[in-house]
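> this is the structure alone, sequence omitted:
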């Protein structure tokens, strides 16, 4: 596509808008204690938060794949009369305020929650403020990203491939597992990376639902928040790690994300 010339009247607000987004990140990078960055990142609090974040986000991504890929298939191939009502609910966590998301999880899985009360009465175990709660919060906020990307991949599959498989006698499960899923491996990988990054950076829902117990539920974003009051250098050091991860994910996924946005 031929590039068009941009007028000054548009360039000025465009530059201001870009600066408003980029300037805070550059300011943050200028405050990072680069000379002793490794020592800040290798502190016991930082390492514990990193361990909790990595383990919980990886587990959340695995659950998101197992549950989200079939859900994306249903949204892409299910009856439109049903899926048009399901899709907004599935994508709701994308726009839901984080604290409200955490409160919703508490209402469902808390000791007195809709489902959690049954579990507590039967086993004496409550999910909130445990490592499991961190994983569940990660699935809740991360899976919608995977579903959107994978559904887009399923929607772009040529119908001829599915029709040929059905002609050869493939049932619905075989069509899904042996034909559709292998064709959208790239979409699944992209969605999984986005879900992982979202789970890794979650703060509000996790804090509300899982709390901030060192070594158990305190993730990197929570450690940044705690360090703001006691160790500002540590907060900046951990922040730059999250910034680097975010930028890397967006840079690597940029071409696939553009195709997803065009298909939505």
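Perfect, thanks for sending it. Please read these numbers as outputs of a predicted model, since none were measured by experiment.

> and stretch 224-241, how far apart are its ends?
One end of stretch 224-241 to the other measures 11 Å (C-alpha to C-alpha, to the nearest Å).

> that one: which residues count as buried?
Of all the residues in stretch 224-241, those buried under the rule 16 or more other C-beta atoms under 10 Å are 224-227, 231, 234-241. Just so you know, the C-beta spots here come from the backbone N, C-alpha and C atoms, and that holds for glycine as well.

> with stretch 204-214 instead?
By neighbour count on 16+ other C-beta under 10 Å, the buried set for stretch 204-214 is 204-212.

> identify the residues contacting the nearest residue to residue 54 once chain neighbours are set aside.
Leaving aside its sequence neighbours, residue 54 sits nearest to residue 200 (C-beta to C-beta, 6 or more residues apart in numbering; 7.6 Å). Contacts here follow C-beta atoms under 8 Å, 6 or more residues apart in numbering; on that basis residue 200 touches 53-54, 57, 138, 219-220, 242, 245.

> secondary structure class for residue 6?
Three-state call for residue 6 (DSSP: H, G, I helix; E, B strand; the rest coil): coil.

> can you tell me how far it is from residue 192?
Per C-beta to C-beta, to the nearest Å, residue 6 is found 37 Å from residue 192.

> what does residue 84 give?
Counting by C-beta to C-beta, the separation of residue 84 from residue 192 is 26 Å.

> the more surrounded of those two?
Taking other C-beta atoms under 10 Å, residue 84 and residue 192 do not tie; residue 192 has more neighbours (21 against 11).

> the more buried one is in contact with residue 64, isn't it?
Yes: the criterion here is C-beta atoms under 8 Å, and residue 192 meets it with residue 64 at 7.0 Å.

> got any residues that touch both of the two?
Here residue 192 and residue 64 share the contacting residues residue 146, scored by C-beta under 8 Å, 6+ apart.
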